[in-house]
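# 3D model of this:
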Amino acid sequence: MIFIDSNVVVYANDSRNSEKQQIALGVIGKALRSSTGVISTQVLQEYANVALGKLAQRQDVVLRQLAILERLEVVSQTPALVRRAVELRGLYGISFWDASIVAAAESRECREIVSEDLNAGQFYGGVVVSNPFVG
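Numbers count the residues shown, from 1 in each chain. Coordinates of the predicted model:
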């Protein structure tokens with residue numbers, strides 16, 4: 001299973017950088033076709049917030065995109081995941097929000113987190129990070 005971070009979802013919806021948009025669309029499309037993609041409610045929330053604000057997308061567009069993303073496996077936040085994020089934050093010195101992504105990926109035994117925010121090649125909680133936006 002592959003966990004898709006919110007920055008990938010945002011890039012897929014941001015036409016200002018067509019190269020990153022195409023890469024992000026490829027990542028999400030492959031995850032949908034292969035049924036190997038995982039996201040979390042946090043990813044959905046972060047996408048919706050950026051899309052409605054910074055990207056100025058219409059509400060109906062955001063709702064349609066959310067419906068597509070919900071075809072991936074969605075990890076809902078739980079008290080146990082919040083506690084694990086606190087532990088991961090302390091262990092790796094990353095932000096709480098990044099640690100929450102790692103905790104969600106770890107909970108579904110993902111082998112990889114696709115993200116631009118975390119250090120590519122590093123393992124966090126047994127999950128390796130890959131950055132599709134670097135050559």
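
# neighbouring contacts of the longest helix anywhere in the chain?
Secondary structure of the chain per DSSP state H: the longest helix is helix 18-34. Applying Cβ atoms under 8 Å, 6 or more residues apart in numbering, the contact partners of helix 18-34 are 2, 4, 8-15, 36-37, 68-69, 71-72, 114, 132-133. C-beta: built from backbone N, CA, C; applies to glycine.

# weed out the non-buried ones from these.
Buried members of these, counted by 16 or more other Cβ atoms under 10 Å: 2, 4, 8-14, 36-37, 69, 72, 114, 133.

# circling back to that earlier point, okay, and which of the contacts of helix 18-34 map to strands?
Ile2, Ile4, Gly37, Val114 (DSSP state E).

# which residues touch the second one?
Spelled out, it's Ile4. Counting by Cβ under 8 Å, 6+ apart, Ile4 has contacts Val27, Ile28, Ala31, Gly37, Val38, Ile39, Val43, Leu72, Val114.

# perfect, I'm done here.
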